[in-house]
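Enquirer: Predicted model and sequence follow; I will ask about them next.
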Amino acid sequence: MQFTVELDTSGLLCPIPIIKAKRALAAMAGGQVLRVVSTDPGAARDMLALTAKTGDTLLEQTSENKKFIFYLRKA
């Protein structure tokens, strides 16, 4: 999937990945896509909660090499 901005939060635990994702989304224009890479197992739950709060969209969630990857579209 194509993305506009990438944010690598590997090694960081909750709530830091969510805080950084929220800040990154706030700086983006509507329709742009943020790719977030995380090693925090709670990130899936947190990304869903973030998008529910902000109105942004979780487009896709995958994992590879013990990392969780999320694609979020700015509303």
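Expert: Sure thing, it's come through.

Enquirer: Rounded mean pLDDT for stretch 48-59, please.
Expert: Average pLDDT, stretch 48-59: 96.

Enquirer: any idea how far it is from the chain center?
Expert: Mean C-alpha position of stretch 48-59 versus that of the full chain (C-alpha atoms, centre = their mean, to the nearest Å) differs by 9 Å.

Enquirer: All the helices of the chain, in order from the start?
Expert: Residue ranges of the helices in the chain, as given by DSSP state H, are 16-26, 43-54.

Enquirer: Columns distance to Leu72 on top of these, output as TSV?
Expert: Where you see a C-beta, it was placed from the backbone N, CA and C, and this is true even at glycine. Formatted as TSV, those follow (distance: least, C-beta to C-beta, whole Å):
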stretch	distance to Leu72
helix 16-26	6
helix 43-54	6
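
Enquirer: Tabulate the ones you listed (JSON lines), appending mean neighbour count.
Expert: JSON lines is the format used below for the helices of the chain (neighbours: other C-beta atoms under 10 Å):
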{"stretch": "helix 16-26", "mean neighbour count": "17"}
{"stretch": "helix 43-54", "mean neighbour count": "16"}
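
Enquirer: so who does Val33 touch?
Expert: Applying C-beta atoms under 8 Å, 6 or more residues apart in numbering to Val33 gives the contacts Met1, Gln2, Phe3, Thr4, Val5, Leu59, Tyr71, Leu72, Arg73, Lys74.

Enquirer: how does it look with 6 Å?
Expert: Going by C-beta atoms under 6 Å, 6 or more residues apart in numbering, Val33 touches Phe3, Thr4, Tyr71, Arg73.

Enquirer: can you check Arg73 too?
Expert: By C-beta under 6 Å, 6+ apart, the neighbours of Arg73 are Val33, Thr57, Leu59.

Enquirer: same thing but 8 Å
Expert: Arg73 neighbours (C-beta under 8 Å, 6+ apart): Gly31, Gln32, Val33, Leu34, Asp56, Thr57, Leu59.
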